[in-house]
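*Asks:* Here is the input, now give the coordinates:
(chains A and B)
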Amino acid sequence: MLRADAVRKSFGANEVLKGISLEIAAGEVVCLIGASGSGKSTFLRCLNLLEQVDDGDIWLDDREITDPRADADAVRREIGIVFQAYNLFPHLSVEQNIMLGPVKAGGQTRDAARGLAHELLGRIGLAEKAGAYPDALSGGQQQRVALVRAIAMQPRILLLDEITSALDPMLVGEVLDVIRDLRRDGMTIVMATHEMSFAQEVADRIVFMADGLVEESGPPEQLFTAPRSPRTAEFLARHRT
Amino acid sequence: MSPSDRQLERERYRRLRARRRGAVAVVSTLVVLGGAAIVITQSPGWPRVQQTYFDPAAARDIFPEVAKAFWLNIRLFLVAEVFILVVAVTVAIIRVVPAPALAPIKLLATVYTDVFRGTPTILVVFLVGFGVPALDLAGMPTSLFWLGVIALTLSYGAYVAEVLRAGILSIHPTQWASGRAVGLSYGQTMRSVVLPQAVRRVAPPLLNDFVSLQKDTALLSTIGLVEALRVAQIDSGRTFAFTGYVVAAAFFIVATIPLARFTDYLTVRSLRRENGLVT
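*Replies:* Down below sits the predicted model:
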């Protein structure tokens, strides 16, 4: 469904992605793990065209989306992304945050978008917060709203960029619950995460990134218990509690 | 590693697209400006307009005189600017400080901004320029220069104070909390954390006010200061033409450009430092 082939990206002299290749199937949940600075975030941002790749291709089905002639806005309507720092629009209420995309970019009527927003908020237990503003919510609530804002565009793929890293451990659970629900509904998800046990639980496949390359990838039961690469083993040993 | 063929093709396409966009910009500019130039210069009244407003010989004659007078505008601007900043920062801070003991001063500051922002600058110039000397008070300046500076400071202090206040209020409360958290007092937080961010954020509207101030030094011609506009006026009275005004206008335009570029530079620099963005 989504395929990256030898993607490279540098910031100045710093080469962050050194030719990364990865294929994601429909309905698959892929977890990217690796040290900070290994390129997970940059890779996700490239997949969503928030960064322009320096080389290599990214394909969405049979469309090459890294082609400069591709319609980036249309691509982003199909590939949603949620950021570590929530990035909700502070000047809009929760409901308006969710409605903005469907109304302005998705061509939905305000009433339909509002209905969708309320339905999604109900599903994550935040129906009563529809009129609240982001600053009045806890981090976990904000991140759940951010997830719903991405889902409201009904993307085919959801990219999650360390979305629990900024959260209090007490609040991580409620966000992970939303992801579990999405997985149950068959959403295709690519997530960068430091939550190893969660990755082990929900992922169909774990991808360990190191130095801008895929060091090892495989199903969680294999990768977590019998990593083939010594580097993976070392990383896991440091992050296993 | 050398780029792939596909990447080379992409870069070729992007270059081509950049060139095409550049070409569209050039062509549309030529069409619009060229069209305007043709319409104006072909109009029946153009020769007379040119003679009245754009006479090169008259411009050369008046140039040194306007230049000399414009130096007065510059001095007025620079001196008033300093006082305006002092007044504006003081008023803005008084208006945002949450100190009940300051209530009467806060009220005064509010009345000040309301009154002087609402009064046309030229009326303030008249009132100060003619009214203050008429008071005949000891110690009051009688020099037109200083009366002019006072008038501009009163009027612009109110505008700039409001711009700064908006900037201060736009800084997120977490910045106050962080300042206090590292042990700074309210005043230290304001000075070292909030104000620097506020000024950066409102730099463009501040620049607007300063450019406006440069132009409004011309209002002081009405109380008898012989600055650039006044010189042009006198010249116009002698020649029955307006080229002197155009020359004066050119001085005002040219004077604002360095300030605009300097603000652009500051804006880009702080963007680059803080967000790693390069534009």
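*Asks:* Chain A: helices as residue ranges?
*Replies:* A:40-47, A:72-78, A:94-104, A:110-123, A:139-151, A:169-184, A:196-202, A:220-225, A:230-239 (DSSP state H).
*Asks:* and of the ones you listed, who's closest to B:A25?
*Replies:* With Cβ to Cβ as the measure, helix A:72-78 is the member of the helices of chain A nearest B:A25 (22.0 Å). Every C-beta, even on glycine, is put in place using the N, C-alpha and C of the backbone.
*Asks:* just how off-centre is the closest one within its chain?
*Replies:* Its chain's C-alpha centre and that of helix A:72-78 lie 15 Å apart, by Cα atoms, centre = their mean, to the nearest Å.
*Asks:* Please identify the buried residues of it?
*Replies:* Residues of helix A:72-78 classed as buried under the neighbour-count rule (16 or more other Cβ atoms under 10 Å in any protein chain shown) are A:75-78.
*Asks:* what mean pLDDT does it have?
*Replies:* Average pLDDT, helix A:72-78: 90.
*Asks:* Helix or strand: which one has B:I74?
*Replies:* Per DSSP states H and E, B:I74 falls inside helix B:56-96.
*Asks:* can you pull the pLDDT of the closest residue in space to A:S217 that isn't next to it in sequence?
*Replies:* Of all residues not flanking A:S217 in the chain, A:V207 sits nearest, at 4.3 Å (Cβ to Cβ, 6 or more residues apart in numbering or on different chains). For A:V207, the model assigns a pLDDT of 95.
*Asks:* Repeat that for B:T279.
*Replies:* 43.
*Asks:* doesn't B:D216 fall inside a strand?
*Replies:* No: counting by DSSP: H, G, I helix; E, B strand; the rest coil, B:D216 is not part of a strand but helix.
*Asks:* how much space between it and B:I122?
*Replies:* 9 Å (Cβ to Cβ, to the nearest Å).
*Asks:* near chain A, anything from the helix or strand where B:E9 lies?
*Replies:* In the assignment (DSSP H and E), B:E9 maps to helix B:5-41. Yes: applying Cβ under 8 Å from any Cβ of the partner chain, one finds helix B:5-41 touching chain A at B:6-7, B:10, B:13-14, B:17.
*Asks:* ok, of these, which one's closest to chain A?
*Replies:* Chain A has its nearest neighbour among the residues of helix B:5-41 next to chain A in B:Q7, at 4.3 Å by Cβ to the nearest Cβ.
*Asks:* Looking at chain A, which residue is nearest chain B?
*Replies:* Minimum separation of chain A from chain B (Cβ to the nearest Cβ) falls at A:D55, amounting to 4.3 Å.
*Asks:* Now do the contacts for that residue.
*Replies:* Each residue near A:D55 by Cβ atoms under 8 Å, 6 or more residues apart in numbering or on different chains is listed here: A:6-8, A:19, B:3-4, B:6-7.
*Asks:* From those residues, pick the one nearest A:L88.
*Replies:* Checking the contacts of A:D55 against A:L88 by Cβ to Cβ gives A:V7 as the nearest, at 28.9 Å.
*Asks:* burial measure for the closest residue in space to the closest one that isn't next to it in sequence, as a count.
*Replies:* Closest residue to A:V7 apart from its sequence neighbours, by Cβ to Cβ, 6+ apart: A:G56 at 3.7 Å. A:G56 has 21 neighbouring residues, counting by other Cβ atoms under 10 Å in any protein chain shown.
*Asks:* Next, the contact list for A:G56, please.
*Replies:* A:4-8, A:19-21, A:66, B:4, B:7.
*Asks:* Among those, which one lies nearest to B:V128?
*Replies:* For these, the closest approach to B:V128 (Cβ to Cβ) belongs to A:T66, at 64.9 Å.
*Asks:* By neighbour count, which of the contacts of A:D55 wins?
*Replies:* Taking other Cβ under 10 Å as the neighbour criterion, A:V7 ranks highest of the contacts of A:D55 with 25 neighbours.
*Asks:* Could you show which parts of chain A are in contact with chain B?
*Replies:* Chain A comes close to chain B at residues A:6, A:19, A:54-57, A:66-69, as judged by Cβ under 8 Å from any Cβ.
*Asks:* Put together TSV for the contacts of A:D55, with distance to A:S217 and pLDDT on each row.
*Replies:* What follows is these, written out as TSV (distance: Cβ to Cβ, whole Å; pLDDT from 0 to 100):
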residue	distance to A:S217	pLDDT
A:A6	15	93
A:V7	15	94
A:R8	19	94
A:G19	15	92
B:P3	26	86
B:S4	23	88
B:R6	24	88
B:Q7	25	90
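*Asks:* What residues of stretch B:239-247 count as buried?
*Replies:* In stretch B:239-247, counting by 16+ other Cβ under 10 Å, buried: B:241-247.
*Asks:* counting contacts, what elements does whichever helix or strand B:V124 is part of pack onto?
*Replies:* Secondary structure from DSSP H and E places B:V124 in helix B:121-126. In terms of contacts (3 or more Cβ pairs under 8 Å, 6 or more residues apart in numbering or on different chains; DSSP states H and E), helix B:121-126 is packed against helix B:144-170.
*Asks:* Spatially nearest residue to the spatially most central residue of chain A (excluding sequence neighbours)?
*Replies:* By Cα atoms, centre = their mean, chain A has its centre lying nearest to A:L160, at 1.6 Å. Nearest residue to A:L160, sequence neighbours excluded (Cβ to Cβ, 6+ apart): A:M191, at 3.8 Å.
*Asks:* How about the contacts made by the one you found?
*Replies:* Residues near A:M191 by Cβ under 8 Å, 6+ apart: A:29-32, A:159-161, A:163, A:179, A:199.
*Asks:* Looking at these, spot the one nearest B:F130.
*Replies:* Among the contacts of A:M191, A:D161 lies closest to B:F130 (Cβ to Cβ), at 66.2 Å.
*Asks:* dump the residue contacts of that closest one.
*Replies:* Contact analysis of A:D161 by Cβ under 8 Å, 6+ apart lists A:40-41, A:44-45, A:81-84, A:191-192.
*Asks:* Now do it, the pLDDT please.
*Replies:* At A:D161, pLDDT is 93.
*Asks:* Helix, strand, or coil at the residue most central in space within chain B?
*Replies:* Nearest to the mean C-alpha position of chain B, by Cα atoms, centre = their mean, lies B:V211 at 2.0 Å. At B:V211 the chain is in helix, as set by three-state DSSP.
*Asks:* which residues does it contact?
*Replies:* By Cβ under 8 Å, 6+ apart, the contact list for B:V211 reads B:256, B:259-260.
*Asks:* Near chain A, list only the ones from the residues you listed.
*Replies:* Applying Cβ under 8 Å from any Cβ to these, one finds that nothing falls near chain A.
*Asks:* for chain A, what are the nearby residues on chain B?
*Replies:* Counting by Cβ under 8 Å from any Cβ, chain B comes close to chain A at B:1, B:3-4, B:6-7, B:10, B:13-14, B:17.
*Asks:* mind redoing it with 7 Å?
*Replies:* B:3-4, B:6-7, B:10, B:13-14 (Cβ under 7 Å from any Cβ of the partner chain).
*Asks:* measure the residue lying farthest from the centre of chain A to A:Y86 for me?
*Replies:* In chain A, A:D111 marks the outermost C-alpha relative to the chain mean, sitting 27.9 Å out by Cα atoms, centre = their mean. Distance of A:D111 to A:Y86, given as Cβ to Cβ: 27 Å.
*Asks:* Check A:I157 too.
*Replies:* 20 Å.
*Asks:* Check B:A232 too.
*Replies:* Going from B:A232 to A:Y86 by Cβ to Cβ gives 58 Å.
*Asks:* Between those two, which is the more surrounded one?
*Replies:* Counted by other Cβ under 10 Å, B:A232 and A:Y86 do not tie: B:A232 has more neighbours, with 25 against 21.
*Asks:* Correct me if wrong, but the more buried one is in a helix.
*Replies:* Yes: judged by three-state DSSP, B:A232 forms part of a helix.
*Asks:* Spatially nearest residue to it (excluding sequence neighbours)?
*Replies:* Excluding the flanking residues, the one nearest B:A232 by Cβ to Cβ, 6+ apart is B:G244, at 3.7 Å.
*Asks:* picking that back up, quick one: which of the contacts of B:V211 sit in helices?
*Replies:* B:256, B:259-260.
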